[in-house]
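Visitor: let's see this in three dimensions:
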Amino acid sequence: MITLDTLNQWLIAPAENENLEFKEAKEQFDTGKIMRYCVAIANEKGGYLVLGITDKKPRRVVGTQAFSTTAELNKIKEMVSQKLQIRVNTTELNHPEGRVLVFEIPSRPDGYALNFDGTYLMRAGEGLMPMTPDQLRRIFAEGQPDWFLQYAKENASADEVVALLDTQTYFDLLKLPYPTTREGVLERLSGEGLIVKALQDWSITNLAAILLAKQLDAFPLALARKAPRVVIYSGINKLQTREDMQGNKGYAVGFEGLVNFVHSAAPQNRSTEQVVREEVKMFPKQALRELIANALVHQDFLATGASVMIEMYDDRIEISNAGLPPISPDRFIDEYRSRNERLADLMRRLGICEEKGSGIDKVVNASEVYQLPAPDFRVGECRTTAVLFAHQNFSVMSKTDRIRACYQHCCLMFVSNKRMSNQSLRERFGSSEAKPATVSLVISATKEAGLIKADESETNSTRYARYLPYWA
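Guide: This is a model prediction of the structure:
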């Protein structure tokens with residue numbers, strides 16, 4: 001039941017979200033907008049559209065005259081029901097500052113996405129935008145068997161299971177002794193849900209194949225196409241390819257070899273100012289390891305014909321995966337949400353990734369230790385890309401590069417229970433060119449971009465100012 005107490009809690013909420021939208025609508029509210037917000041909020045599993053409240057903080061009640069009669073309310077509810085095939089409820093609240101009208105919007109049915117005039121909508125910040133193919137695939141796949149539990153091969157004999165899967169590496173990564181009998185091997189794999197007993201034979205799941213396959217092309221093409229691909233270019237663009245390698249081992253079986261290959265293929269780091277002099281390669285191995293593992297774990301396995309791509313140029317490396325992240329790239333350092341929980345859990349236990357979400361912290365920290373430009377995380381139409389850059393002197397960094405480095409440094413300090421200062425940021429840039437006054441300009445620009453804020457609990461002194469990420 002929605003009451004004035006409910007409204008008061010909404011007013012002090014930190015921010016609007018996918019399930020809560022405020023609109024002033026003092027005089028009226030367009031019926032087309034009502035339809036679009038109903039679609040978007042229903043596609044986000046339902047929520048509330050609240051009219052008569054400012055959508056900017058500090059929020060306040062301004063009152064609304066939209067749909068002020070019973071006839072108008074019944075008409076818009078009937079329109080929503082006929083057009084969208086969902087039933088919305090409305091609640092009118094008599095607040096001292098004015099009338100508030102709440103539309104309670106139900107969730108879409110599982111496996112079904114709503115659209116308005118052919119456009120599948122979702123929330124995006126304070127507005128609406130069409131849903132991505134990635135999100136639509138996930139909705140349409142609801143109620144279907146988990147991709148990882150589907151069978152990559154059925155009717156396999158015990159001998160075939162052992163021949164197709166690298167069971168020795170599996171036990172080695174788990175630091176377990178290899179069973180003395182084949183039955184012991186099969187029992188362990190079965191207990192993990194990697195293989196399933198079917199009468200006298202076995203079925204090998206997609207999870208087992210994608211992690212442990214000796215050769216991915218021994219399985220169906222759709223699964224084999226999930227093998228990571230490494231492309232090395234000569235120069236800073238795609239005009240000249242020096243090497244193009246398609247992987248063929250399961251992720252767990254081939255992970256160390258993949259990381260070692262990428263690291264060894266990187267150019268030498270020509271910087272003479274490198275802090276850690278024993279590291280002669282352009283990119284820190286730990287950063288490569290974390291980003292490759294992250295791309296493998298978080299890719300969209302429902303996307304067909306798409307694999308993890310590792311593209312190396314003379315001045316950067318780009319590691320991308322199919323699918324869009326479930327959280328904003330701004331929050332990669334402090335937040336974690338696994339796209340593929342089964343895969344993430346097993347890869348964590350195999351020692352390949354850390355499900356607790358510290359991988360990006362390590363990438364940012366490695367970039368700081370080796371005084372590289374801040375990594376960039378880019379979200380495209382259907383892929384997510386992480387970019388590591390070669391060493392750059394502070395003087396040639398762009399304003400965007402400096403702001404990104406400042407924000408990431410502030411986040412890293414915060415998750416380490418510390419606070420960013422002018423001095424800590426100068427040390428992060430590690431250059432005599434990063435003077436206090438110059439760094440102050442970087443901090444000011446990052447504040448203006450809305451990415452950091454002053455920690456007013458510490459001091460109001462500009463000289464001793466400390467800073468927090470905008471979300472802290």
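Visitor: what is the burial count for residue 362?
Guide: With neighbours defined by other C-beta atoms under 10 Å, the count for residue 362 comes to 17. C-betas here are computed from N, CA, C, even on glycine.
Visitor: for the stretch 51-200 of the chain, give me the ranges with low pLDDT.
Guide: For the stretch 51-200 of the chain, applying pLDDT under 70 flags the ranges 125-126.
Visitor: can you pull out the helices in it?
Guide: All helices of the stretch 51-200 of the chain, identified by DSSP state H, counting those that start in this stretch, fall at 70-84, 133-140, 158-164, 167-173, 182-191.
Visitor: mind checking which of those helices is nearest residue 322?
Guide: helix 133-140 (7.6 Å; C-beta to C-beta).
Visitor: residue 123: neighbour count?
Guide: With other C-beta under 10 Å as criterion, residue 123 counts 20.
Visitor: that one and residue 384: what is the separation?
Guide: To residue 384, residue 123 is 19 Å away according to C-beta to C-beta, to the nearest Å.
Visitor: list just the one of the helices of the stretch 51-200 of the chain that sits closest to residue 447.
Guide: Using C-beta to C-beta, the nearest of the helices of the stretch 51-200 of the chain to residue 447 is helix 133-140, at 32.8 Å.
Visitor: for that closest one, buried residues please.
Guide: Using 16 or more other C-beta atoms under 10 Å as the test for burial, helix 133-140 gives 133, 134, 135, 136, 137, 138, 139.
Visitor: check which helices and strands it is in contact with.
Guide: Applying 3 or more C-beta pairs under 8 Å, 6 or more residues apart in numbering; DSSP states H and E, we find helix 133-140 packed against no helix or strand.
Visitor: closest to residue 428 out of the buried residues of helix 133-140?
Guide: Closest to residue 428, out of all of the buried residues of helix 133-140 and judged by C-beta to C-beta, is residue 134, at 33.9 Å.
Visitor: longest helix anywhere in the protein?
Guide: Across the chain, the longest stretch assigned as helix under DSSP state H is helix 399-415.
Visitor: quick revisit: just name the most buried of the helices of the stretch 51-200 of the chain.
Guide: helix 167-173 (a mean of 19; mean count of other C-beta atoms under 10 Å).
Visitor: which element, helix or strand, includes residue 38?
Guide: helix 31-43 (DSSP states H and E).
Visitor: how far off helix 133-140 does that helix point, in degrees?
Guide: 70 degrees (axes from the mean of the first three to the mean of the last three C-alpha atoms, to 10 degrees).
Visitor: in three-state terms, how would residue 243 be classified?
Guide: Classification of residue 243 by DSSP: H, G, I helix; E, B strand; the rest coil places it in strand.
Visitor: ok, it - contacts?
Guide: 230, 231, 232, 265 (C-beta atoms under 8 Å, 6 or more residues apart in numbering).
Visitor: now, of the residues you listed, which are buried?
Guide: If we count by 16+ other C-beta under 10 Å, the contacts of residue 243 have these buried: 230, 231, 232, 265.
Visitor: check what pLDDT the last one gets.
Guide: Right, the one you point to is residue 265. At residue 265, the model reports a pLDDT of 92.
Visitor: was I right to think it contacts residue 311?
Guide: No - counting by C-beta atoms under 8 Å, residue 311 is not a contact partner of residue 265; they are 11.5 Å apart.
Visitor: so what sits against both of these two?
Guide: Shared contacts of residue 265 and residue 311, counting by C-beta under 8 Å, 6+ apart, come down to 230, 232.
Visitor: can you give me the strands in the stretch 101-250 of the chain?
Guide: For the stretch 101-250 of the chain, the strands defined by DSSP state E, counting those that start in this stretch cover 121-124, 127-130, 151-156, 195-198, 201-205, 229-233, 241-246.
Visitor: pipe those into CSV and attach distance to residue 145 per row.
Guide: Formatted as CSV, the strands of the stretch 101-250 of the chain follow (distance: least, C-beta to C-beta, whole Å):
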stretch, distance to residue 145
strand 121-124, 25
strand 127-130, 28
strand 151-156, 9
strand 195-198, 12
strand 201-205, 10
strand 229-233, 27
strand 241-246, 28
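Visitor: mind checking which of those is nearest residue 163?
Guide: strand 151-156 (9.0 Å).
Visitor: quick one: that closest one to chain centroid distance?
Guide: Here strand 151-156 is found 32 Å from its chain centre; the criterion is C-alpha atoms, centre = their mean, to the nearest Å.
Visitor: for residue 425, helix, strand, or coil?
Guide: Residue 425 - assigned by three-state DSSP - is helix.
Visitor: who touches it in this structure?
Guide: 406, 409, 434, 439, 442, 443.
Visitor: switch the cut-off to 10 Å
Guide: 402, 405-406, 409-410, 413, 434, 436, 439-440, 442-443, 446, 467 (C-beta atoms under 10 Å, 6 or more residues apart in numbering).
Visitor: so which of the residues you listed wins on neighbours?
Guide: Most surrounded of the contacts of residue 425: other C-beta under 10 Å gives residue 410, at 29 neighbours.
Visitor: and that one, how far from residue 92?
Guide: With C-beta to C-beta as the criterion, residue 410 and residue 92 are 44 Å apart.
Visitor: name the SS class of the residue nearest the centre of the chain, please.
Guide: The centre of the chain sits closest to residue 325, judged by C-alpha atoms, centre = their mean, with a distance of 2.7 Å. Here residue 325 takes the coil state, with states given by three-state DSSP.
Visitor: per-residue pLDDT of it, please?
Guide: 84.
Visitor: contact partners for the closest residue to it other than its chain neighbours?
Guide: Excluding its sequence neighbours, the residue lying closest to residue 325 (C-beta to C-beta, 6 or more residues apart in numbering) is residue 384, at 5.4 Å. Applying C-beta under 10 Å, 6+ apart to residue 384 gives the contacts 134, 294-295, 298-300, 319-325, 329, 332, 339, 377-378.
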